[in-house]
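Visitor: coords below, sequence missing:
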């Protein structure tokens with residue numbers, strides 16, 4: 001969740017690091033800090049609780065240097081404070097460390113160090129690493145860091161500076177992303193390419209168990225045991241402008257509005273009209289192997305889990321393969337039965353979500369075939385899986401996911417169509433789904449034109465303290481995702497239930513002060529959904545329906561264009577993103593940085 005930025009070269013480092021931290025603000029954080037190697041020698045550090053702007057205000061005008069590392073922290077060990085902010089320096093001020101992740105055995109190591117006379121300045125687990133490096137008797141900085149990592153249990157992405165080795169930065173990765181940026185006689189490091197993209201598009205992503213030494217004119221990579229590794233720089237496809245707000249007031253609004261183009265990107269070049277199917281070259285799964293699949297298990301967290309629920313429905317409906325979705329954070333702890341005939345699919349916007357990555361690693365250890373559905377090329381999950389589908393949503397900066405959720409569901413529709421046509425899905429049905437997919441960008445744009453009307457509804461419902469969301473079968477995952485969006489950015493308590501479950505308990509909550517958002521597609525369950533709304537109205541509940549036609553029992557209806565039944569959930573989620581957005585706006589929330597949350601969850 002935290003952010004790392006580092007630079008070594010000839011330029012004045014402080015402005016570069018502060019700019020990089022600002023690029024990483026979307027990840028969520030509560031404090032920030034910077035350390036540089038001064039022109040006259042030694043390390044100089046500034047730290048501040050709060051936003052990067054508070055840190056920037058504290059940085060002295062005379063803070064010159066050409067090497068430095070910086071950090072935005074999301075508290076795990078110790079409350080947000082100046083003392084707990086990174087970087088952490090040793091007692092003599094010679095070693096500085098920034099760290100993403102968690103040191104699981106920090107308490108044990110801290111006790112040993114304190115017994116040896118070390119005085120700690122913070123409550124963090126990271127400071128343990130600093131003192132371990134400082135106390136090492138090894139001759140090189142690389143070996144000092146390696147010795148420290150040998151006794152650490154847990155996850156880390158770290159960058160280390162040492163006053164006695166001013167010509168280098170040493171970095172290491174285990175479970176938390178570290179990306180090197182290759183410049184012209186200058187080198188960058190970050191936890192996310194967003195911090196690098198305005199300076200270089202040539203990057204190297206470290207693997208778990210890998211380290212690197214950065215100097216101004218070169219870099220080298222090697223394992224934590226010292227074995228050299230080969231690193232070939234890749235070109236990042238996104239440009240710096242992709243991370244700008246583009247004239248919108250918030251990144252969330254920008255990303256909602258980008259969805260017609262984003263969906264067009266995920267479809268582009270993949271549709272095969274001749275055989276009424278799609279090409280997904282990255283699957284690494286031939287037709288014979290696809291026909292051997294007996295079950296599909298989708299793993300994700302939060303929004304990705306909800307996308308997986310819709311994906312499972314698409315795969316069952318079109319490919320007729322039993323499929324389900326499960327939170328990745330729970331999967332590996334229940335000692336699951338790993339079936340060789342099951343296809344496992346890991347879903348993550350960032351491709352670095354720790355719970356999902358850990359599930360992938362456990363599955364691979366047990367010999368399972370695992371595909372990835374991710375947005376970031378070269379991410380950890382993309383590298384760990386046997387193949388997969390990139391969703392091509394473009395950079396998503398707002399903490400809450402909108403366009404990536406939509407593109408992920410479209411990617412699942414492509415995968416379901418691909419598997420279905422290999423199996424028993426007819427040419428006619430294949431053609432029907434393709435035509436529906438092609439209509440999506442224009443239909444999403446049509447929904448976006450209703451924004452002013454949705455904003456008025458949001459202002460009316462913003463007074464609610466709690467809201468309920470209901471849907472049936474395909475509509476239920478839409479209700480779950482809409483409920484999550486409202487909670488994330490408006491802080492209004494919201495619950496989602498299958499509409500059929502109302503009478504089994506949740507109906508007790510219905511009253512005029514508890515509005516219900518009902519997902520009411522024009523499908524075989526239309527009358528069942530109308531009956532659920534009758535139950536709510538009989539108890540004086542207010543209803544906002546999202547439907548293909550006006551609903552008599554609803555107080556308000558947001559109309560959504562009709563597509564194929566299988567693809568309707570993609571469209572029905574769009575107006576509910578706008579509803580959550582404008583509700584939060586009416587309440588004055590910090591929409592792009594909701595409290596207590598982070599974009600990329602790289603700790604358990």
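Guide: Happy to help now that I have it. Here the structure is a predicted model, which is why all the values come from computation and not from measurement.

Visitor: Was I right to think residue 509 contacts residue 468?
Guide: Yes - using CB atoms under 8 Å, residue 509 is in contact with residue 468, at 6.7 Å. C-beta here means a position set from N, CA and C on the backbone, and glycine is covered the same way.

Visitor: can you list residues touching both of those two?
Guide: Common contacts of residue 509 and residue 468 (CB atoms under 8 Å, 6 or more residues apart in numbering): residue 495.

Visitor: More neighbours: these two, which one.
Guide: residue 468 (25 against 16; other CB atoms under 10 Å).

Visitor: three-state assignment of the more buried one?
Guide: strand (DSSP: H, G, I helix; E, B strand; the rest coil).

Visitor: measure it to residue 383 for me?
Guide: From residue 468 over to residue 383 the distance is 41 Å, taken as CB to CB, to the nearest Å.

Visitor: Residue 171 too?
Guide: 18 Å.

Visitor: Please identify which of those two sits among more neighbours.
Guide: Applying other CB under 10 Å to residue 171 and residue 383 shows that residue 171 carries more neighbours, namely 26 against 15.

Visitor: Paired strands for the helix or strand hosting that one, with orientation please.
Guide: Residue 171 is part of strand 169-174, with elements assigned from DSSP states H and E. When pairs are called by DSSP bridges, strand 169-174 turns out to pair with strand 156-162 (antiparallel), strand 210-214 (antiparallel).

Visitor: How far off centre is that strand?
Guide: On the basis of CA atoms, centre = their mean, to the nearest Å, strand 169-174 sits 22 Å off its chain's mean C-alpha point.

Visitor: Stretch 388-399 too?
Guide: Centroid separation for stretch 388-399 versus its chain: 9 Å, with CA atoms, centre = their mean.

Visitor: Please work out which of the strands paired with strand 169-174 is packed deepest.
Guide: Ranked by mean neighbour count, these are led by strand 156-162 with a mean of 26 (mean count of other CB atoms under 10 Å).

Visitor: quick one: it to chain centroid distance?
Guide: Centroid separation between strand 156-162 and its chain, computed with CA atoms, centre = their mean, is 23 Å.

Visitor: Could you do stretch 533-547 as well?
Guide: On the basis of CA atoms, centre = their mean, stretch 533-547 sits 34 Å off its chain's mean C-alpha point.

Visitor: what's the answer for stretch 42-56, then?
Guide: From the chain centre to the centre of stretch 42-56 is a distance of 26 Å (CA atoms, centre = their mean).

Visitor: try stretch 15-35
Guide: On the basis of CA atoms, centre = their mean, stretch 15-35 sits 18 Å off its chain's mean C-alpha point.

Visitor: Show me which positions of the helix or strand encompassing residue 313 end up buried.
Guide: Using DSSP H and E, residue 313 falls within helix 303-319. Neighbour counts over helix 303-319 (16 or more other CB atoms under 10 Å) mark 303-315, 317-319 as buried.

Visitor: which one of the residues you listed is nearest residue 392?
Guide: Among these, residue 307 lies closest to residue 392 (CB to CB), at 14.7 Å.

Visitor: Not including adjacent chain positions, what is the nearest residue to that closest one?
Guide: Nearest residue to residue 307 in three dimensions, chain neighbours excluded: residue 408, at 4.1 Å (CB to CB, 6 or more residues apart in numbering).

Visitor: now do residue 435
Guide: Per CB to CB, 6+ apart, closest to residue 435 is residue 564, 8.0 Å.

Visitor: Kindly report the same for residue 567.
Guide: Nearest residue to residue 567 in three dimensions, chain neighbours excluded: residue 436, at 4.7 Å (CB to CB, 6+ apart).

Visitor: and that neighbour, what element?
Guide: Per DSSP H and E: residue 436 is located in helix 427-448.

Visitor: So what touches that helix?
Guide: Contacts of helix 427-448 (CB under 8 Å, 6+ apart): 256-257, 259-261, 263-264, 267, 271, 273, 275-278, 318, 406, 410, 413-414, 417, 420-421, 560-561, 563-564, 566-567, 570-571, 574-575, 578.

Visitor: cutoff 7 Å now
Guide: Applying CB atoms under 7 Å, 6 or more residues apart in numbering, the contact partners of helix 427-448 are 257, 259-260, 263-264, 267, 271, 276-277, 318, 410, 413, 417, 421, 560-561, 563-564, 566-567, 570-571, 574-575.

Visitor: Show me which residues of it are buried.
Guide: For helix 427-448, burial by neighbour count (16+ other CB under 10 Å) applies to 429-430, 432-434, 436-437, 439-441, 443-444, 446-448.

Visitor: which of those lies closest to residue 290?
Guide: residue 430 (14.8 Å).

Visitor: Name the nearest residue to that closest one, sequence neighbours excluded.
Guide: In space, residue 430 is closest to residue 276, 3.2 Å off (CB to CB, 6+ apart).

Visitor: pLDDT score assigned to that neighbour?
Guide: The model reports residue 276 with a pLDDT of 97.

Visitor: count of residues packed around it?
Guide: By the criterion of other CB under 10 Å, residue 276 has 20 neighbours.

Visitor: Okay, now the unreliable bits of the stretch 401-550 of the chain?
Guide: Applying pLDDT under 70 to the stretch 401-550 of the chain flags no residue at all.

Visitor: hey, where'd the strands end up in it?
Guide: Using DSSP state E, counting those that start in this stretch, the strands of the stretch 401-550 of the chain run over 466-471, 493-498, 516-520, 543-547.

Visitor: Could you list the buried residues of the second one?
Guide: Okay, so that is strand 493-498. Across strand 493-498, burial judged by 16+ other CB under 10 Å covers 494, 495, 496, 497, 498.

Visitor: now the first one
Guide: Of the residues in strand 466-471, those buried by neighbour count under the rule 16+ other CB under 10 Å are 467, 468, 469, 470, 471.

Visitor: Just send those back as JSON lines, with distance to residue 352 too.
Guide: Conversion of the buried residues of strand 466-471 to JSON lines gives the following (distance: CB to CB, whole Å):
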{"residue": "467", "distance to residue 352": "32"}
{"residue": "468", "distance to residue 352": "33"}
{"residue": "469", "distance to residue 352": "29"}
{"residue": "470", "distance to residue 352": "33"}
{"residue": "471", "distance to residue 352": "30"}
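
Visitor: Out of those residues, which is nearest to residue 591?
Guide: Nearest to residue 591 out of those is residue 467 (CB to CB; 17.7 Å).

Visitor: Wait, the closest one touches residue 517, no?
Guide: Yes - using CB atoms under 7 Å, residue 467 and residue 517 qualify as a contacting pair, with a distance of 6.4 Å.

Visitor: Residue 73 against residue 47, yeah?
Guide: No - between residue 73 and residue 47 there is no contact under CB under 7 Å: 9.1 Å.

Visitor: Identify the contacts common to the two.
Guide: What both residue 73 and residue 47 touch, as defined by CB under 7 Å, 6+ apart, is the set 31, 85.

Visitor: who's more crowded, the two?
Guide: Taking neighbours as other CB under 10 Å, residue 73 and residue 47 compare with residue 73 leading, 28 against 25.

Visitor: Now the more buried one: closest residue in space that isn't a chain neighbour?
Guide: Leaving out its chain neighbours, the residue that sits closest to residue 73 by CB to CB, 6+ apart is residue 31, at 4.8 Å.

Visitor: That'll do, ta.
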